[in-house]
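> give the three-dimensional model of this entry:
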Amino acid sequence: MSKSIKPPFTHETALAKVKAAENAWNTKDPEIVAQAYTPDSQWRNRTEFFKGREAIKEFLRRKWAKELDYRLMKELWCYTENRISVRFEYEWRDAESDQWMRTHGNEHWEFDDEGLMKRRDMSANDYPIQESRRRYR
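Just a heads-up that it's a prediction; the model follows:
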């Protein structure tokens, strides 16, 4: 996610921030993704609460070890001066069962003055899909 896109957000910069996040997450590289967050970034991801880049990297390593063939789409929902909310959808194949899944959810982001995300709050639901019903490849 680009640090050069800083608050206060306009419609164009909010869209660019969301696209940069989508691109970073689709690398599936925890080192790349974690650089978009403040060193003490606070996260809620479903039922997990944690803080800091090292915890973010560990979370992402666990996530992508379980969620194989991950492919994400993010969509701007709304924004204010230093906050953005997105709707997202992604697909993945479960490492244990080989079952394809689709996940839908929402994220609320808050940024510092330098464009790093200092808070991320995520809610999501998963459901099984057939491989032939995938939208993202």
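
> surely T27 and A36 touch.
No: using Cβ atoms under 8 Å, T27 makes no contact with A36, being 11.4 Å away. All C-beta atoms are positioned from the backbone trio N, CA, C, and that covers glycine.

> looking at these two, which has the bigger crowd around it?
More crowded of T27 and A36, by other Cβ atoms under 10 Å: A36, with 23 against 10.

> thought L116 was touching that one, still the case?
Yes: under the criterion of Cβ under 8 Å, A36 makes contact with L116 at 6.5 Å.

> not counting its neighbours along the chain, what's nearest the residue most central in space within the chain?
Geometric centre of the chain, nearest residue: W25, 6.1 Å, by Cα atoms, centre = their mean. With Cβ to Cβ, 6 or more residues apart in numbering as the measure, L72 is the residue that lies nearest to W25, at 5.1 Å, once sequence neighbours are left out.

> right, and the one you found touches K28 too?
No: counting by Cβ under 8 Å, L72 sits too far from K28 to count as a contact (9.3 Å).

> which strands and helices lie in contact with the helix or strand L15 falls within?
Assigned by DSSP states H and E, L15 belongs to helix 11-25. If contacts are counted by 3 or more Cβ pairs under 8 Å, 6 or more residues apart in numbering; DSSP states H and E, helix 11-25 sits against helix 30-34, strand 67-79, strand 83-94.

> what angle sits between it and strand 67-79?
Interaxial angle of helix 11-25 relative to strand 67-79 (axes from the mean of the first three to the mean of the last three Cα atoms, to 10 degrees): 170 degrees.

> other residues contacting helix 11-25?
Contacts with helix 11-25, where a contact means Cβ atoms under 8 Å, 6 or more residues apart in numbering, come from 1-2, 5-6, 9, 32-33, 36, 72-76, 79, 84, 86, 115.
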